[in-house]
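Q: Take a look and give me a structure for this.
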Amino acid sequence: MPDPQYLMVGDGYRIATYSWGDDADPTVVVVHGFASSTKDNWVATGWVRDLTAAGFRVLALDQRGHGASDKPHEADAFDIRQLAGDVETMLDTYLVDEAFYVGYSLGARVGWEVVQDIAPRIPRAVLGGVPDGIPLARLDIGQVRALIADGTPVTDPVTQNYIRLADRVSGNDLRSLLAIAEGMRASRTVDPDPAHAPQQPVLFATGSLDAVIEGSKALAAACPQGRFLEIPARHHFNAPGSRVFRAEAIAFLRDGLTA
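A: Numbers count the residues shown, from 1 in each chain. All right, here's what the predicted structure looks like:
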């Protein structure tokens with residue numbers, strides 16, 4: 001991992017960003033999922049290595065609440081538009097006029113906004129494990145609050161998976177992660193609307209064992225230039241490590257260089 005380069009976003013938070021490769025190469029922005037980080041989602045799984053080997057420059061950020069970025073505890077710091085705006089601020093700061101986008105889970109949900117908000121700058125995208133509906137809706141917020149307040153054990157299986165993920169990634173702040181979940185739900189503006197789908201080519205990719213797969217397929221079908229990849233034998237938490245996913249995504253992005 002390179003040392004993070006910090007930028008300040010509009011509401012005053014400090015966001016950690018990273019860069020690999022030659023500035024002259026076509027740029028790919030990678031955005032990680034909930035309770036993950038750039039290192040966990042993209043470096044440890046081989047994405048950065050393979051993207052740079054394929055001739056891409058890679059830009060990444062630790063989303064607010066994650067990694068080396070600031071970790072506010074207030075739910076109103078995590079509106080989906082603010083998360084998408086952080087990506088745009090990174091592109092502006094690095095003076096990148098155009099980039100491909102790769103996001104997973106929460107990063108893919110943010111990507112649904114980014115590829116439409118700044119469509120001329122994002123000619124092609126890969127959205128992995130993107131949920132239809134409100135992100136983190138399966139997380140039992142009450143059980144997480146009780147865990148933070150007095151150590152009450154979490155019994156909900158899905159929530160247990162998220163807690164294990166949060167514990168596995170160094171530096172995670174459970175209060176900040178809880179605020180993210182609360183912020184996503186409170187805004188009520190984060191449901192992907194198939195009637196307003198991205199118009200550029202988008203590859204949707206979701207594990208065959210992932211509970212959100214049918215919703216992901218529906219979003220792909222709503223996109224005029226959408227494609228869908230079913231990642232074999234993977235669930236939501238281990239799909240980013242799939243070689244199949246990585247290879248198909250990079251081939252899709254390289255197609256965009258000659259389109």
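
Q: So which elements touch the helix or strand bottoming out on mean pLDDT in the chain?
A: The helix or strand of the chain with the poorest confidence is helix 174-187; it has a mean of 84 (mean pLDDT, DSSP states H and E). Applying 3 or more Cβ pairs under 8 Å, 6 or more residues apart in numbering; DSSP states H and E, one finds that helix 174-187 contacts helix 141-150, helix 157-168. C-beta here means a position set from N, CA and C on the backbone, and glycine is covered the same way.

Q: And the first one, what's buried?
A: Spelled out, it's helix 141-150. Neighbour-count burial for helix 141-150, with 16 or more other Cβ atoms under 10 Å as criterion, is recorded at 143-144, 147.

Q: Which parts of the stretch 1-150 of the chain are strands?
A: Under the criterion DSSP state E, counting those that start in this stretch, strands of the stretch 1-150 of the chain are mapped to 5-8, 14-20, 27-31, 57-61, 100-104, 125-128.

Q: Export the third one to PDB, keeping only CA atoms.
A: Right, strand 27-31. Taking C-alpha atoms only, strand 27-31 is exported to PDB below (Å, rounded to 0.1, in the frame of the first residue of the first chain):
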ATOM      1  CA  THR A  27      -7.800   5.600 -15.200                       C
ATOM      2  CA  VAL A  28      -9.900   3.200 -13.300                       C
ATOM      3  CA  VAL A  29     -11.500   4.300 -10.000                       C
ATOM      4  CA  VAL A  30     -12.200   1.500  -7.500                       C
ATOM      5  CA  VAL A  31     -14.600   2.000  -4.600                       C
END
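
Q: Count the neighbours of the nearest residue to K39 once chain neighbours are set aside for me.
A: Excluding its sequence neighbours, the residue lying closest to K39 (Cβ to Cβ, 6 or more residues apart in numbering) is M1, at 5.4 Å. M1 has 14 neighbours, counted by other Cβ atoms under 10 Å.

Q: can you tell me how far M1 sits from F100?
A: Using Cβ to Cβ, to the nearest Å, M1 is found at 22 Å from F100.

Q: closest to A53 out of the helices and strands packed on helix 174-187?
A: Closest to A53 of the helices and strands packed on helix 174-187, according to Cβ to Cβ: helix 157-168, at 26.7 Å.

Q: In the closest one, which residues are buried?
A: Buried positions in helix 157-168, judged by neighbour count with 16+ other Cβ under 10 Å: 159, 161-163, 165-166.

Q: same check, this time on stretch 123-134
A: Residues of stretch 123-134 classed as buried: 123-132, 134 (neighbour count, 16+ other Cβ under 10 Å).

Q: Does L106 touch F34 like I think?
A: Yes. Look at L106 against F34 with Cβ atoms under 8 Å: they come within range, at 4.2 Å.

Q: hang on, the earlier thing: relative to T258, which of the helices and strands packed on helix 174-187 is closest?
A: Short answer: helix 157-168, nearest of the helices and strands packed on helix 174-187 by Cβ to Cβ, at 37.3 Å.

Q: what's the angle from that closest one to helix 141-150?
A: Counting by axes from the mean of the first three to the mean of the last three Cα atoms, to 10 degrees, helix 157-168 lies at 40 degrees to helix 141-150.

Q: Remind me what helix 157-168 packs against, helices and strands.
A: Checking 3+ Cβ pairs under 8 Å, 6+ apart, helix 157-168 ends up next to helix 141-150, helix 174-187.

Q: Please give me every residue in contact with the nearest residue to V154 once chain neighbours are set aside.
A: Nearest non-adjacent residue to V154, counting by Cβ to Cβ, 6+ apart: Q143, 4.8 Å away. With contacts defined as Cβ atoms under 8 Å, 6 or more residues apart in numbering, Q143 is in contact with 152, 154-156, 159.
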